[in-house]
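> quick one: sequence and predicted model below, then my questions.
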Amino acid sequence: MEVKDLHKKYRNGRGIGNINFDIYPGEVVGLLGPNGSGKTTIMKSITGLVRIDKGTVRICGHDLSENFEKAIRGVGCLIETPSVIGNMSCYDNLKLISRFYNDIDPERIDVVLQITGLEKYRKDKVRNFSLGMKQRLAIAMAIYQNPKLVILDEPANGLDIEGSKELRRIISELSKEFMISFLISSHLIHEIEMLCDKILIIKDGSIVDTCIVQDVKDIGVSLEDYFIDRVNGANKKSIDSI
Ligand SMILES: Nc1ncnc2c1ncn2[C@@H]1O[C@H](COP(=O)(O)OP(=O)(O)OP(=O)(O)O)[C@@H](O)[C@H]1O
C-alpha cells in the first residue's frame, strides 16, 4: 500500500496532514503516538471511513477514491470494538461474513478458524467468549476475504499476557506465511516492539519519524527512549550519539 500527502482536517481544525508512507507485502507496521495524535484518523482515512481532504491511497494497485470497491477488497480491518454477534456461534458469525463473498468457497471458514486457533470453539456462543477469543474471532472475520493488508486499531487493548501472546503468534504467522501486511496502532510500546518491523511515530497529526525496529535495537537504544526523544522533538543526532 502507498499513502501520499494525506490530509484530513475535522471542522474543529484537528486531524492529520502531510502523511506519507508505504507498506510492503508481509511487513508489520506500527502506528505509535500519544493520545489524540491522529492514529485512528489515519486508519479511518485509508479505509474510507472518513472522507479525506487531499492525498492518495493506493491498495494493491487500486486508488481508494477512484476504485473504492477494488481497493477495499484487499483490506481487512478491526477499528474500535469487534462487531461480533453474541447469541450466535463462532461458526455462524463467520458464515454471516461469508455471505458477502459469493466468490469465496465457504470452506475458507474452516481455514480461518484454524489459523486463529478457534476450531474447538466453533459451535460455542460468542457471548461466552473471553475478550481474547472475541478478538481472535474478529481477526478471523477480517482475514476471511484473503486481504493483502489488515488494519488493527489497538488490538491488544484489554488482553491478558496469554491473549497478547496468542495475538502476536497469529499476526506473525499471517505475515510470514501468507505475506499479509499489517498496520497496527497501539499505546503499548513493548507490544509494538515485539510485533512490528517498522514504526511510524505520530505527533500532532504528522509523522515525525519512521524507524526500523531492528535499527533502533542495533544502536543500543530502547524503543521507549527513542520514541520519547522523537515525540519531544529532539533531533536525530541526539539519539544516534547515545
Ligand atoms: N470526529 C471528529 N471530530 C472532530 N475532531 C476529531 C474527530 N475525531 C478525532 N478528532 C480529533 O482529531 C485528533 C486526532 O484524533 P485521533 O482519534 O485520530 O487520535 P488517536 O491518536 O487515535 O488518539 P487515541 O490514542 O486517543 O485513540 C484529536 O485531536 C481528536 O480530538
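That came through, no problem. Numbers count the residues shown, from 1 in each chain.
> and the helix ranked longest in the chain, what does it pack onto?
In the chain, assigned by DSSP state H, the helix with the most residues is helix 161-178. Applying 3 or more CB pairs under 8 Å, 6 or more residues apart in numbering; DSSP states H and E, one finds that helix 161-178 contacts strand 28-32, helix 108-115, helix 131-143, strand 181-185, helix 189-195. C-beta here means a position set from N, CA and C on the backbone, and glycine is covered the same way.
> quick one: the helices in the chain?
Ranges of helices in the chain, per DSSP H, are 39-45, 68-73, 90-98, 108-115, 131-143, 161-178, 189-195, 213-218, 223-231, 236-240.
> now the ones you listed in TSV, with distance to the ligand?
Listed next are the helices of the chain as TSV, based on distance: least, CB to the nearest ligand atom, whole Å:
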stretch	distance to the ligand
helix 39-45	3
helix 68-73	20
helix 90-98	26
helix 108-115	27
helix 131-143	17
helix 161-178	18
helix 189-195	13
helix 213-218	20
helix 223-231	12
helix 236-240	22
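> possible to save those as a markdown table with mean neighbour count and mean pLDDT?
Formatted as a markdown table, the helices of the chain follow (neighbours: other CB atoms under 10 Å; pLDDT from 0 to 100):
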| stretch | mean neighbour count | mean pLDDT |
| --- | --- | --- |
| helix 39-45 | 23 | 94 |
| helix 68-73 | 15 | 91 |
| helix 90-98 | 19 | 95 |
| helix 108-115 | 17 | 95 |
| helix 131-143 | 21 | 90 |
| helix 161-178 | 16 | 90 |
| helix 189-195 | 19 | 90 |
| helix 213-218 | 13 | 93 |
| helix 223-231 | 18 | 90 |
| helix 236-240 | 11 | 46 |
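> now these in CSV, with distance to Ile16?
Shown next, in CSV, are the helices of the chain (distance: least, CB to CB, whole Å):
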stretch, distance to Ile16
helix 39-45, 5
helix 68-73, 19
helix 90-98, 30
helix 108-115, 32
helix 131-143, 23
helix 161-178, 24
helix 189-195, 19
helix 213-218, 23
helix 223-231, 16
helix 236-240, 22
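> returning to what we had before: and the longest helix of the chain, C-alpha only, in PDB?
In PDB, the C-alpha atoms belonging to helix 161-178 read as follows (Å, rounded to 0.1, in the frame of the first residue of the first chain):
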ATOM      1  CA  ILE A 161      -0.500 -12.000  28.800                       C
ATOM      2  CA  GLU A 162      -1.600 -15.200  27.100                       C
ATOM      3  CA  GLY A 163      -4.100 -13.300  24.900                       C
ATOM      4  CA  SER A 164      -1.400 -10.800  23.800                       C
ATOM      5  CA  LYS A 165       1.000 -13.700  23.000                       C
ATOM      6  CA  GLU A 166      -1.600 -15.600  21.000                       C
ATOM      7  CA  LEU A 167      -2.400 -12.400  19.100                       C
ATOM      8  CA  ARG A 168       1.300 -11.900  18.300                       C
ATOM      9  CA  ARG A 169       1.500 -15.500  17.100                       C
ATOM     10  CA  ILE A 170      -1.400 -15.100  14.700                       C
ATOM     11  CA  ILE A 171      -0.100 -11.800  13.300                       C
ATOM     12  CA  SER A 172       3.400 -13.200  12.800                       C
ATOM     13  CA  GLU A 173       2.100 -16.400  11.100                       C
ATOM     14  CA  LEU A 174      -0.100 -14.400   8.800                       C
ATOM     15  CA  SER A 175       2.600 -12.000   7.800                       C
ATOM     16  CA  LYS A 176       5.300 -14.600   7.300                       C
ATOM     17  CA  GLU A 177       3.400 -17.500   5.800                       C
ATOM     18  CA  PHE A 178       0.700 -15.600   3.800                       C
END
